[in-house]
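K.L.:
sequence-free structure coming up:
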């Protein structure tokens, strides 16, 4: 009995130790980035390894420079944030508008090739993004969409739609068919069943997919560079951050402030929807 107690206590402390180590590895880089972003460059040069900043050293001048318009001597990140927000929200909404009915159709309807749909959706991710980048660049250039935010939205939809359909399909399959049959007996049509039964039950999974799509569109760099490189006024946050990283005269404190601006919206969204995200990501793990 004593041996079992010792093993239980040891495993409990070992689990806590492992969690603490992983938490430290995850949180420390963001914490140090935040510390660098609020320190004057002069103090940073004198003591670059300081992990605690006194109240007398705190400054928001770096964030003011990052957010200020380029015409006023800043880095213009407000414009980049607006562009990234428009692209990410539009790509997320349009992806869901297509993915939800598509996933429901794959989960509920019977048609030729239905069993191969999963493979076809996931096969898209067997090819690196760079493989399809050049063909997309040529097609969008000929269509007159290169350099436009709308063209970038279409690219992001093509990247996020397959996995969105796959994730939502797995959840729709966990919803008991008997619930939909009951609604059909009460006189509801197919669209009514989807709107009144399936969508409310699938909301956790939809929120998880929406957050995934938003993160992809917000952080993506390759296609944004390829399509918007010659349109600085339409750059996204990731492109603006690369500009800061390549700038020799840009202080590293300003670069860290830009990194915080890029990261903070995703962190806020993640913690705000953590419960729904957890439920959505595990919802298709078991068949109901």
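P.N.:
Nice, thanks for sending it over. The shown structure was predicted, so the numbers you read here are calculated from the model rather than taken from an experiment.

K.L.:
Domain map for this protein?
P.N.:
Taking automatic domain parsing as the domain assignment, the ranges for the chain are 3-67, 70-287.

K.L.:
Dump those domains to JSON lines, plus mean pLDDT.
P.N.:
Compiled in JSON lines, these are given as follows (pLDDT from 0 to 100):
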{"stretch": "domain 3-67", "mean pLDDT": "83"}
{"stretch": "domain 70-287", "mean pLDDT": "83"}
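
K.L.:
What residues of the host helix or strand of residue 135 count as buried?
P.N.:
Following DSSP states H and E, the helix or strand that holds residue 135 is helix 129-142. Residues of helix 129-142 classed as buried: 133, 136, 140 (neighbour count, 16 or more other CB atoms under 10 Å). (Each C-beta comes from the backbone N, C-alpha and C, glycine too.)

K.L.:
got a list of contacts for it?
P.N.:
146, 151, 154, 155, 158, 159, 222, 223, 226, 227 (CB atoms under 8 Å, 6 or more residues apart in numbering).

K.L.:
What segments of this protein are helices?
P.N.:
2-37, 41-46, 61-67, 77-108, 117-123, 129-142, 149-172, 177-185, 190-193, 199-219, 222-228, 237-246, 252-272, 274-282 (DSSP state H).

K.L.:
deepest of those, which one?
P.N.:
helix 149-172 (a mean of 22; mean count of other CB atoms under 10 Å).

K.L.:
which strands and helices sit next to that helix?
P.N.:
helix 77-108, helix 117-123, helix 129-142, helix 199-219, helix 222-228 (3 or more CB pairs under 8 Å, 6 or more residues apart in numbering; DSSP states H and E).

K.L.:
Closest to the centroid, which residue in this protein?
P.N.:
For the chain, residue 215 is the residue whose C-alpha lies nearest the centre (CA atoms, centre = their mean; 1.2 Å).

K.L.:
For it, give me its contacts.
P.N.:
So residue 215 contacts 266, 269 (CB under 8 Å, 6+ apart).

K.L.:
10 Å instead?
P.N.:
88, 92, 160, 265, 266, 269, 270 (CB atoms under 10 Å, 6 or more residues apart in numbering).

K.L.:
for the residues you listed, which one is nearest residue 7?
P.N.:
Relative to residue 7, the closest of those is residue 270; by CB to CB it sits at 35.3 Å.

K.L.:
Tell me the spacing between the closest one and residue 9.
P.N.:
33 Å (CB to CB, to the nearest Å).

K.L.:
likewise residue 269?
P.N.:
From residue 269 over to residue 9 (counting by CB to CB), the distance is 38 Å.

K.L.:
pretty sure residue 186 is touching residue 179, no?
P.N.:
No. Under the criterion of CB atoms under 10 Å, residue 186 makes no contact with residue 179, lying 11.1 Å away.

K.L.:
overlap in contacts of these two?
P.N.:
Common neighbours of residue 186 and residue 179 (CB under 10 Å, 6+ apart) are residue 193.

K.L.:
residues making contact with stretch 100-117?
P.N.:
With CB under 10 Å, 6+ apart as the criterion, stretch 100-117 contacts 96, 118, 120-121, 123, 161-162, 164-175, 177, 180, 190-191, 193-194, 198-199, 202, 205-206, 209.

K.L.:
now that stretch, how far from the centre of its chain.
P.N.:
26 Å (CA atoms, centre = their mean, to the nearest Å).
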